[in-house]
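Enquirer: What follows is a predicted protein model with its sequence.
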Amino acid sequence: QKEVEQDPGPLSVPEGAIVSLNCTYSNSAFQYFMWYRQYSRKGPELLMYTYSSGNKEDGRFTAQVDKSSKYISLFIRDSQPSDSATYLCAMSAGSGYSTLTFGKGTMLLVSP
Amino acid sequence: GAVVSQHPSWVICKSGTSVKIECRSLDFQATTMFWYRQFPKQSLMLMATSNEGSKATYEQGVEKDKFLINHASLTLSTLTVTSAHPEDSSFYICSARDRLSVEYFGPGTRLTVL
């Protein structure tokens, strides 16, 4: 079993739809959870950062972490064609020298 | 959010030459920076962790003599690909970790070795 599982997609939705992106993980030591958006031929851009369990909202984006289920989600409301990109979940056990463990990324396509 | 820059954004070189890529954290100090490479349609693969003032820690399978990393200051890390060959052609991305342990990525450098 991989440490982080993420459906690669592609996930195709019409403009205005609510998008749900998810990752599951197996390492119970993970405490820091991040979502990055990556456009083709660009570096990943940080969207959301969450420590431990709970919800966090920023504009059209909501991140949820359920540590008991080892499951994290990113919701995008009112999706736009400009949201078309690959979304990477990432997590780490802590600060200092711990490194990020990434999911493989989900490709999202929002059609106008 | 914090900004990380990379230079150059793309480079084409001949086989056997060396290429240096710079990574800078523009508005924060980063004691730890990371170097990744990414092949098309794949996720990021960590190559090494770079700590300011100390030797880099390389991931298994990454040749430290081929990929030289220097973290000279709290805002600058460099990756030098020595004696580059076509199989080194890839997308190289750096990241920098801020004091809250949030990791920000640079825009990437596309290396093509002819």
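Expert: Received the coordinates, thanks. Residues are numbered from 1 along each chain as shown, chains lettered A, B, ... in the order given.

Enquirer: List the residues that contact A:Thr62.
Expert: Listed by C-beta atoms under 8 Å, 6 or more residues apart in numbering or on different chains, the contact set of A:Thr62 reads A:Asn55, A:Lys56, A:Leu74, A:Phe75, A:Arg77. Heads up, the C-betas are built off the backbone N, CA and C, glycines and all.

Enquirer: can you check A:Glu15 too?
Expert: The contact partners of A:Glu15, by C-beta under 8 Å, 6+ apart, come to A:Ser79, A:Gln80, A:Pro81, A:Val110, A:Ser111, A:Pro112.

Enquirer: I figured the second one hits A:Val110, correct?
Expert: Yes - shown here, A:Gln80 and A:Val110 form a contact pair, counting by C-beta atoms under 8 Å, at 6.1 Å.

Enquirer: Can you pick out the residue with more neighbours from those two?
Expert: Applying other C-beta atoms under 10 Å in any protein chain shown to A:Gln80 and A:Val110 shows that A:Val110 carries more neighbours, namely 20 against 12.

Enquirer: if I look at the residue nearest to B:Gly53 when sequence neighbours are not counted, how far off is A:Ser53?
Expert: Of all residues not flanking B:Gly53 in the chain, B:His71 sits nearest, at 7.1 Å (C-beta to C-beta, 6 or more residues apart in numbering or on different chains). Using C-beta to C-beta, to the nearest Å, one gets 34 Å for the distance from B:His71 to A:Ser53.

Enquirer: More neighbours: which of those two?
Expert: B:His71 (22 against 14).

Enquirer: Sticking with the more buried one, tell me its helix or strand.
Expert: strand B:67-73 (DSSP states H and E).

Enquirer: Can you name the residues in contact with that strand?
Expert: So strand B:67-73 is in contact with B:33, B:35, B:47-48, B:50-54, B:56, B:58, B:77-82, going by C-beta under 8 Å, 6+ apart.

Enquirer: Just the ones of those in strands?
Expert: B:Met33, B:Trp35, B:Met47, B:Ala48, B:Ser50, B:Asn51, B:Tyr58, B:Ser77, B:Thr78, B:Leu79, B:Thr80, B:Val81 (DSSP state E).
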